[in-house]
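Enquirer: Provided below are the primary sequence and the corresponding predicted coordinates.
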Amino acid sequence: MFKGLGQMGDMAKMMKAAQEMQQKMASLQEEMHQMIVQGESGAGLVKATCTAKGELKGLDIDPSIFNSDDKEVVEDLILAAIKDAQTKAGEKAREEMGKITEGMGLPKDMDLPF
């Protein structure tokens, strides 16, 4: 006679789990502004630093690459370092999200919106 209560209890657990996940995701979003990754190119001649959210924070360029004849090469190295840092930022974001989804009993590689 109270069969419906069992389903309501399961629904309540699911809602609570969803709220917990939402809180963890919001917290992670904030933390990712503090997580730093570094990309590089030219065997470390150019290094780009960004947050796990992909926000560029800094460039470190070895002065040995500055030669007016190599302007295009330098620009390419800078772009490559930035792209590498942004790729690493994306990987870090997926890794951190995987920790949350795994902790909730969901597949680690579940692609949730970020």
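Expert: Yes, it's here.

Enquirer: now do stretch 104-111, average pLDDT.
Expert: Stretch 104-111 carries an average pLDDT of 67.

Enquirer: now stretch 31-40
Expert: 93.

Enquirer: what comes up buried for it?
Expert: Neighbour-count burial for stretch 31-40 flags Met32, Met35, Val37, Gln38, Gly39, Glu40 (criterion: 16 or more other CB atoms under 10 Å). C-beta coordinates here come from the backbone N, C-alpha and C atoms, glycine included.

Enquirer: how about stretch 53-63?
Expert: Quick answer for stretch 53-63 (16+ other CB under 10 Å): Lys53, Gly54, Ile61.

Enquirer: give me the subset of those residues lying in strands.
Expert: Ile61 (DSSP state E).

Enquirer: make JSON lines from the buried residues of stretch 53-63 and add pLDDT to it.
Expert: Putting those into JSON lines (pLDDT from 0 to 100) gives the following:
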{"residue": "Lys53", "pLDDT": "90"}
{"residue": "Gly54", "pLDDT": "89"}
{"residue": "Ile61", "pLDDT": "91"}
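
Enquirer: just put the buried residues of stretch 53-63 in TSV and tack on distance to Lys92.
Expert: Converted to TSV, those look like this (distance: CB to CB, whole Å):
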residue	distance to Lys92
Lys53	9
Gly54	10
Ile61	23
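
Enquirer: and of the buried residues of stretch 53-63, the nearest to Thr101?
Expert: Set against Thr101, the nearest of the buried residues of stretch 53-63 by CB to CB is Lys53 (18.5 Å).

Enquirer: show me what contacts Lys24?
Expert: Neighbouring residues of Lys24 by CB atoms under 8 Å, 6 or more residues apart in numbering: Ile100, Gly103.
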